[in-house]
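Participant: return a 3D structure for these sequence lines:
(2 chains)
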Amino acid sequence: ETGVTQSPTHLIKTRGQQVTLRCSSQSGHNTVSWYQQALGQGPQFIFQYYREEENGRGNFPPRFSGLQFPNYSSELNVNALELDDSALYLCASSLGLRAGGLPDTQYFGPGTRLTVL
Amino acid sequence: DAKTTQPNSMESNEEEPVHLPCNHSTISGTDYIHWYRQLPSQGPEYVIHGLTSNVNNRMASLAIAEDRKSSTLILHRATLRDAAVYYCILRDPKTSYDKVIFGPGTSLSVIP
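Facilitator: Numbering: from 1, shown residues only, chains lettered A, B, ... in the order given. All right, here's what the predicted structure looks like:
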């Protein structure tokens, strides 16, 4: 069973550019969540996809968008990059809310380190 | 969302037990208490979770206060590999989606 993988591991962009980050979920998981982690802080929830639909979103502007594909892999797109977007971007896969609403364990990838110059 | 409060940092000697506290005075009756940890240069990983009773697994033990307003993650014998940031998180099964809200966590240093 392969774990959650993310690509690329590191990325450098300039202000105003657009970036796409990719995530492959753990086998059998239908839910993917994306997080932004600034240096020295805990991860902040961006949004979550369940079976190709966004079903929850944190306090992030619309220039942060995503996709989930039929094989449950996912992309995070960020438009009009700003300096403050420099962070570690983490994705996590899970079975979402299981029967009865019990929260499932989220399995995290190693992250993509984005630097905006 | 109910919040948790943890010390910013703690230190432990190698091979000694470590007790990592977490306060969650506004916890609801249905919130689960989850612990994750993040090793340097890695994504967070699940450690343990519980609702009301104390829990044990191969990684750690979770002691939950009777009133559920606090909990303690116990590492029985700290190793250098346990040096990480530990996050105490409340997860509400009544939300419409699987929401995980991280705080700043406790940075644990293990001294050889």
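
Participant: which residues touch the worst-scoring helix or strand of chain A on mean pLDDT?
Facilitator: For chain A, using mean pLDDT, DSSP states H and E, the weakest element among its helices and strands is strand A:53-57, scoring a mean of 90. Strand A:53-57 has contacts (Cβ atoms under 8 Å, 6 or more residues apart in numbering or on different chains) with A:45-49, A:66, A:68, B:95-99. Where C-beta positions appear, they are placed from N, C-alpha and C, glycine not excepted.

Participant: please redo it, this time with the cut-off set to 10 Å
Facilitator: Strand A:53-57 is contacted by residues A:31, A:33-34, A:45-50, A:64-68, A:96-97, B:95-99 when judged by Cβ atoms under 10 Å, 6 or more residues apart in numbering or on different chains.

Participant: next structured bit after that strand?
Facilitator: Next in sequence after strand A:53-57, counting helices and strands by DSSP states H and E, comes strand A:64-68.

Participant: what strands line up against the helix or strand following that next one, and which way round?
Facilitator: The element immediately downstream of strand A:64-68 (helix or strand, assigned by DSSP H and E) is strand A:74-78. Strand A:74-78 pairs in its sheet with strand A:19-24 (antiparallel), strand A:64-68 (antiparallel), by DSSP bridges.

Participant: select, out of those, the one closest to A:Cys91.
Facilitator: Between A:Cys91 and these, the tightest spacing by Cβ to Cβ is seen for strand A:19-24, at 3.6 Å.

Participant: touching that closest one from outside, list them.
Facilitator: A:2-8, A:11-13, A:32-34, A:65-69, A:71-79, A:81, A:85, A:89-93, A:108-109, A:111-112, A:114, A:116.

Participant: hmm, B:Val110 is touching B:Leu39, no?
Facilitator: No. B:Val110 is not in contact with B:Leu39 according to Cβ atoms under 10 Å; the separation is 11.6 Å.

Participant: joint contacts of these two?
Facilitator: Common contacts of B:Val110 and B:Leu39 (Cβ under 10 Å, 6+ apart): B:81-84.

Participant: thinking again about what came up before, make TSV out of the strands paired with strand A:74-78 and add mean neighbour count and mean pLDDT.
Facilitator: Shown next, in TSV, are these (neighbours: other Cβ atoms under 10 Å in any protein chain shown; pLDDT from 0 to 100):
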stretch	mean neighbour count	mean pLDDT
strand A:19-24	19	98
strand A:64-68	18	96
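
Participant: between these, which one is nearest to B:Val55?
Facilitator: Taking the strands paired with strand A:74-78 one by one with Cβ to Cβ, strand A:19-24 is closest: 29.6 Å.

Participant: which secondary structure element is home to A:Tyr89?
Facilitator: Here A:Tyr89 is assigned to strand A:87-94, by DSSP H and E.

Participant: what element comes up after that strand heading to the C-terminus?
Facilitator: strand A:107-108.
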